[in-house]
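Peer 1: Provide a 3D model corresponding to the input given below.
(4 chains)
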Protein chains: 2
Amino acid sequence: MAKDRVDDDKFDITKLKRPSVTVDIIIFSIQESDLKILLIKRKIEPFKKSWALPGGFVWFDESLKEAAERELMEETGVKDVYLEQLYSFGDVNRDPRTRVITIAYYALINPDKIKLKADTDASDVAWFSLKNLPKLAFDHDRIAKYALKRLRWKIEYTTVAYSLLPEKFTLTQLQKVYEVILDRKVDKRNFRRKILSLKILKDTKEMTGDVSHRPAKLYSFKSKELENIEII
Amino acid sequence: MAKDRVDDDKFDITKLKRPSVTVDIIIFSIQESDLKILLIKRKIEPFKKSWALPGGFVWFDESLKEAAERELMEETGVKDVYLEQLYSFGDVNRDPRTRVITIAYYALINPDKIKLKADTDASDVAWFSLKNLPKLAFDHDRIAKYALKRLRWKIEYTTVAYSLLPEKFTLTQLQKVYEVILDRKVDKRNFRRKILSLKILKDTKEMTGDVSHRPAKLYSFKSKELENIEII
DNA sequence: TCAAAAGTGTTGTGTGTACACCCATGT
DNA sequence: ACATGGGTGTACACACAACACTTTTGA
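Peer 2: Prediction:
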């Protein structure tokens, strides 16, 4: 056993038969009070006409994160959004063509940026509610499920919620983000007391206008650094 | 942008210039009341004679986890231990030879299994305290640091501690696991009250013998399934 | 004046934290 | 008898959960 220890160094690493490496991205956003992800309809086999996560090969001269950023830009036209590595999936037969290992990322996009989706062809790119996903290509169901699990954790224990909201937002909007992601109602008074006690919000001194009910205060996050705090 | 969407399908994926893929493993165990990891001294360039994490190439016909299990077996002779994917590291120049993406795993080994290390050559495989790590090869410092962070989180919020202990253990041993990993003292009475209230331990009705002080009750975990509970 | 969302407090319950002494055993 | 780790309870502070009505605006 010990003798195999340096096996790696015995290979000519330029000749070894190598798996392919891709990145796939789960792009989350909140639209119509619902949590959605972006999917793409495949045009070729395998899984032709199935919906799949956006993704593609990692180039030889770009890092994993750069590959994910590039894919994100290609699919949505957005950049500088929250993007975090999720997990790597490497089962031998997850792609029927050949051995493909994928590094999954997830992105959070706020409504200000989403307008850009208009320039994609609506018939083969679409947002789907997580409550109503079609059967996805490859092992993408599993990946999407895992991403949702991570997002739920992340929103409870960090300040990522800012990535899903516009710069300025009301406490009710913030609460809705929590309710939609966690898929449960949250008590308004307790939520407000808790979130304000964390001192992570800044009162912008502005109010919502043009609403046919009482205007609400607008807040923004003091910091866009991701902080680890128990939020809810 | 949208037109690039199916770039992946335009490549002949058997010919694309591909990064190499390895797995590296951070193998944790508690020895001499200290948290240690297993390192290997490199015999060839680059980083010849530096200490590095055990690892090696992912074969074409094995999953990522199988590759990690194989490496673990090769280095330590153990199997059926706690093994979890940590993160994937893919900076372009992390290996000076060529493009190498590594999927890092971490393993937790209990003292019952560790005897096996004897059959490795002591001069090029060794356990190092995390408080006293040498400078590691490649980006392995960063990987080890990240693994420790994950382990700290994991032990606070799940029942993984069982993986670092023998089948039967005393409450003091369990507490020591927490203290060593979290690197802080824990109050004995509060710890015991908390851990017993979680109902995850079973009283084996046995006691430690042959100790020159009052014997202690031996406990075991009711379940070896990993449970997500706030432990401490 | 109505509809719609904004905003606001109190109380009970449970949980975390701080803290010190006696017990059982082997040498 | 002494050294060593095993084992136990209480009090206070704080956080969480449950719960309903008044306010402000536009239509």
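Peer 1: and the gap between A:Arg94 and DNA strand D?
Peer 2: 39 Å (C-beta to the nearest atom of the strand, to the nearest Å). Yep, even glycine has a C-beta here, placed from its N, CA and C like the rest.
Peer 1: where exactly do the helices run in chain A?
Peer 2: Assigned by DSSP state H, the helices in chain A fall at A:7-10, A:64-76, A:111-114, A:140-157, A:171-182, A:188-197.
Peer 1: which bits of chain A sit near DNA strand D?
Peer 2: A:187-190, A:194, A:210-215, A:230 (C-beta under 7 Å from any atom of the strand).
Peer 1: Quick one: which of those is the most crowded by neighbours?
Peer 2: A:Lys194 (14 neighbours; other C-beta atoms under 10 Å in any protein chain shown).
Peer 1: Local confidence estimate at the residue in chain A positioned nearest to DNA strand D?
Peer 2: Going by C-beta to the nearest atom of the strand, DNA strand D is nearest to A:Arg214 of chain A, at 2.7 Å. At A:Arg214, the model reports a pLDDT of 97.
Peer 1: same thing with A:Glu45?
Peer 2: Per-residue pLDDT puts A:Glu45 at 88.
Peer 1: burial measure for it, as a count.
Peer 2: A:Glu45 has 11 neighbours, counted by other C-beta under 10 Å.
Peer 1: quick revisit: just the helices of chain A: most buried one?
Peer 2: Ranked by mean neighbour count under mean count of other C-beta atoms under 10 Å in any protein chain shown, the helices of chain A are led by helix A:64-76, which reaches a mean of 21.
Peer 1: B:Arg152 versus the closest residue in space to A:Pro166 that isn't next to it in sequence, what's the distance?
Peer 2: Setting aside the residues directly before and after it, A:Pro166 is nearest to A:Asp112 in space (C-beta to C-beta, 6 or more residues apart in numbering or on different chains), at 5.0 Å. Separation of A:Asp112 from B:Arg152 (C-beta to C-beta, to the nearest Å) stands at 36 Å.
Peer 1: got the residue ranges for the strands in chain A?
Peer 2: For chain A, the strands defined by DSSP state E occupy A:20-31, A:34-41, A:51-52, A:55-57, A:82-89, A:100-109, A:125-129, A:201-207, A:217-221.
Peer 1: wait, which of those strands is closest to B:Asp203?
Peer 2: Evaluated over the strands of chain A, closeness to B:Asp203 peaks at strand A:82-89, with 37.4 Å, by C-beta to C-beta.
Peer 1: What is the closest one packed up against?
Peer 2: Under the contact criterion of 3 or more C-beta pairs under 8 Å, 6 or more residues apart in numbering or on different chains; DSSP states H and E, strand A:82-89 touches helix A:64-76, strand A:100-109, helix A:140-157, strand B:82-89.
Peer 1: Quick check: can you list the domain ranges of chain A?
Peer 2: Structural domains annotated on chain A: A:16-156, A:158-221, as defined by automatic domain parsing.
Peer 1: Now for A:Glu227, how many residues are close by?
Peer 2: The number of residues packed near A:Glu227 is 16, by other C-beta under 10 Å.
Peer 1: Flag every residue of chain A that's near DNA strand C.
Peer 2: Counting by C-beta under 7 Å from any atom of the strand, chain A sits next to DNA strand C at A:170-172, A:188-190, A:192-193, A:207, A:211-217.
Peer 1: Just give me the closest of the residues you listed to chain B.
Peer 2: When the residues of chain A next to DNA strand C are ranked by distance to chain B (C-beta to the nearest C-beta), A:Asn190 comes first, at 19.3 Å.
Peer 1: mind checking how far that closest one is from B:Glu230?
Peer 2: For A:Asn190, the distance to B:Glu230 - C-beta to C-beta - is 19 Å.
Peer 1: What does the pLDDT read for A:Ile143?
Peer 2: Per-residue pLDDT puts A:Ile143 at 98.
Peer 1: and of the domains of chain A, who's closest to B:Lys36?
Peer 2: The closest of the domains of chain A to B:Lys36 is domain A:16-156. By C-beta to C-beta, the value is 26.2 Å.
Peer 1: So in terms of bridging, what pairs with the closest residue to A:Lys36 other than its chain neighbours?
Peer 2: Once flanking residues are discounted, A:Lys36 sits nearest to A:Trp127: 4.2 Å by C-beta to C-beta, 6+ apart. According to DSSP bridges, the partner residues bridging A:Trp127 are A:Leu38.
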